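Enquirer: Next comes the sequence, and after it the predicted model I'd like to discuss.
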Amino acid sequence: MTFLGVGALATLLQYVVLVLLVHVGRLNPVAASASGYVAGGLLSYWLNYHYTFRSTSYHARSMAMFGIVACVGLVLNTAIMAGLTSELHLYYLLNQVLATGIVFIWNFTANRTWTFSWKHPTEYREQRTRR
């Protein structure tokens with residue numbers, strides 16, 4: 001599975017949670033978006049760790065790093081949603097599409113270059129001994 005596929009599944013979960021919380025739970029779209037982002041983020045971590053990046057780093061380390069990236073993404077997502085929904089009074093699903101695009105770029109770049117790029121120290125030793 002690629003990052004794009006995992007992102008699509010996580011985004012689908014985020015949108016399902018968003019729509020359900022807005023229409024069934026009568027929650028504010030910004031809060032519902034944040035809740036959906038967290039749900040999608042949990043799914044995204046698990047799938048990216050195991051399938052996209054096939055990470056060999058310790059879960060504790062990767063999860064902490066992923067959590068930092070996800071928290072920045074959550075702040076970006078929420079700020080964009082709040083700005084577009086409250087200030088510009090645009091339709092919440094359109095706002096979410098715009099927020100998703102921006103946050104996707106952040107998440108991919110940060111996770112690829114930082115979260116899942118770390119290697120266990122034994123991998124460095126193995127690479128040096130193979131040369």
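Expert: On my side now, so go ahead. Residues are numbered from 1 along each chain as shown.

Enquirer: Report the central residue of this protein.
Expert: Residue closest to the average C-alpha location in the chain (CA atoms, centre = their mean): Gly41, at 4.4 Å.

Enquirer: Wait, that residue touches Ile68, no?
Expert: No. Using CB atoms under 8 Å, Gly41 makes no contact with Ile68, being 11.7 Å away. Just so you know, the C-beta spots here come from the backbone N, C-alpha and C atoms, and that holds for glycine as well.

Enquirer: So what's the residue count around the spatially closest residue to the residue nearest to the centre of the chain that is not a sequence neighbour?
Expert: With sequence-adjacent residues excluded and distances taken as CB to CB, 6 or more residues apart in numbering, Gly41 is closest to Ala70, at 4.5 Å. Ala70 has 24 neighbours, counted by other CB atoms under 10 Å.

Enquirer: Tell me how far Ala70 lies from Arg26.
Expert: For Ala70, the distance to Arg26 equals 26 Å [CB to CB, to the nearest Å].

Enquirer: contacting residues for the residue nearest to the centre of the chain?
Expert: 10, 70, 73-74 (CB atoms under 8 Å, 6 or more residues apart in numbering).

Enquirer: Can you tell me which of these comes closest to Ala82?
Expert: Nearest to Ala82 among the contacts of Gly41: Leu74, at 12.0 Å, using CB to CB.
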